[in-house]
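Student: My questions are about this predicted structure, shown below with the sequence.
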Amino acid sequence: MEDAASPIDRFIAQLTDRESPKVCFVSTPSGDAIETIDKFHAAFEALGCRTSHLAFFRKPFRASLPLAGFAEPLLDQDAIFVGGGNTKSALAVWREWGLHRVFSEAWRRGILLSGMSAGALCWFEQGLTDSYWGAGLTPLECLGLLPGGCCVHYSSQPERRMRLHQEVAAGHCGPRIAIDDGAAVLYGDSNVEAVVSWRPGATAYRVGAEHGHVVERAYAVRTIANP
């Protein structure tokens, strides 16, 4: 989403603990938009990563993984990064191609799974999404690798915060994690290990109901920045 190089890209590369990590971009939520694929390669190549991408709507170009047998090369990555866009459409494509099973296997093998916007909430049991274009924000069943639910763009789009509070207050969902733009949440197994931020004031929150009231608690945050 950012025009300049982002500290989160370097943070992801460093988490692999590899000198020249293999990082694959899954661009399905954007319909494999060329500009998002190009931005990914430019950002991660600049960090010394060996980049590739998996695109279901484009003929092979540059460092595309083959659609006929993408599981093996995808499971050979050090990190997988999923882009933003329409979460519901992406999930449908992934299930049709069997990518959801490959993601689960990558999780079991300890490959770093990451992403932004749709690529962040897709890993949870449920996400609050605008994928239905024009129907407002709606809960969506996601991949279920992480427990609970997720809400992204939390502070930059006030309607998301309002909608999440409504869901929690009505008892339609349990505690949720909500993430600001400019912040990221690191999970180890199914537990929050850290929240990092590269924008002033950005963090993540645990939003839940206590004694009949919606309670929003900010996580302690660690600032990251490009050198």
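Tutor: Okay, I see it.
Student: Could you use CA atoms for every contact and neighbour count after this?
Tutor: Noted.
Student: what's the distance between the residue nearest the centre of the chain and Val82?
Tutor: The centre of the chain sits closest to Ala120, judged by CA atoms, centre = their mean, with a distance of 1.9 Å. Applying CA to CA, to the nearest Å, the value for Ala120 to Val82 is 8 Å.
Student: What score does Ser27 have for pLDDT?
Tutor: Ser27 is assigned a pLDDT of 97 by the prediction.
Student: try Ser131
Tutor: So Ser131 comes in at 69 (pLDDT).
Student: And Glu216, by the same measure?
Tutor: 95.
Student: Tell me what the closest residue to it other than its chain neighbours is bridged to.
Tutor: Leaving aside its chain neighbours, Glu216 sits nearest to Val207 (4.5 Å; criterion: CA to CA, 6 or more residues apart in numbering). Partner residues in beta bridges with Val207, using DSSP bridges, are Arg176, Glu216.
Student: what does Val185 give?
Tutor: Val195.
Student: Surely it and Ala204 touch.
Tutor: Yes: between Val185 and Ala204 there is a contact at 7.2 Å, judged by CA atoms under 8 Å.
Student: Any chance of the backbone angles for Ile37?
Tutor: phi -70, psi -40 (degrees, to the nearest 10).
Student: any weak-confidence spans in this protein?
Tutor: Counting by pLDDT under 70, the chain shows low-confidence ranges at 1, 131-137, 227.
Student: make it 80
Tutor: In the predicted model, the chain carries pLDDT under 80 at residues 1-5, 128-138, 170-174, 226-227.
Student: which residues in it form strands?
Tutor: Under the criterion DSSP state E, the chain carries strands at the ranges 22-26, 50-54, 79-82, 112-115, 124-129, 138-141, 146-151, 176-179, 183-188, 191-197, 204-210, 213-218, 222-223.
Student: Dump those strands to TSV, plus distance to Arg161 and mean neighbour count.
Tutor: Listed next are these as TSV, based on distance: least, CA to CA, whole Å; neighbours: other CA atoms under 10 Å:
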stretch	distance to Arg161	mean neighbour count
strand 22-26	27	26
strand 50-54	32	23
strand 79-82	23	23
strand 112-115	20	20
strand 124-129	10	23
strand 138-141	13	18
strand 146-151	8	21
strand 176-179	8	26
strand 183-188	16	18
strand 191-197	19	16
strand 204-210	10	19
strand 213-218	10	15
strand 222-223	23	14
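Student: just to revisit the earlier point, ok, the residue nearest to Glu216 to Cys173 distance?
Tutor: 10 Å.
Student: before we move on, the earlier item: which neighbours do Val185 and Ala204 share?
Tutor: Common neighbours of Val185 and Ala204, using CA atoms under 8 Å, 6 or more residues apart in numbering, are 179, 195.
Student: overlap in contacts of Ala120 and Val82?
Tutor: By CA under 8 Å, 6+ apart, the residues touching both Ala120 and Val82 are Ser114.
Student: hmm, who's touching stretch 90-97?
Tutor: 28-29, 100, 122, 142-143.
Student: who wins for most neighbours among these?
Tutor: Cys122 (30 neighbours; other CA atoms under 10 Å).
Student: I'd assumed Cys142 was in contact with that residue.
Tutor: Yes: the criterion here is CA under 8 Å, and Cys122 meets it with Cys142 at 5.3 Å.
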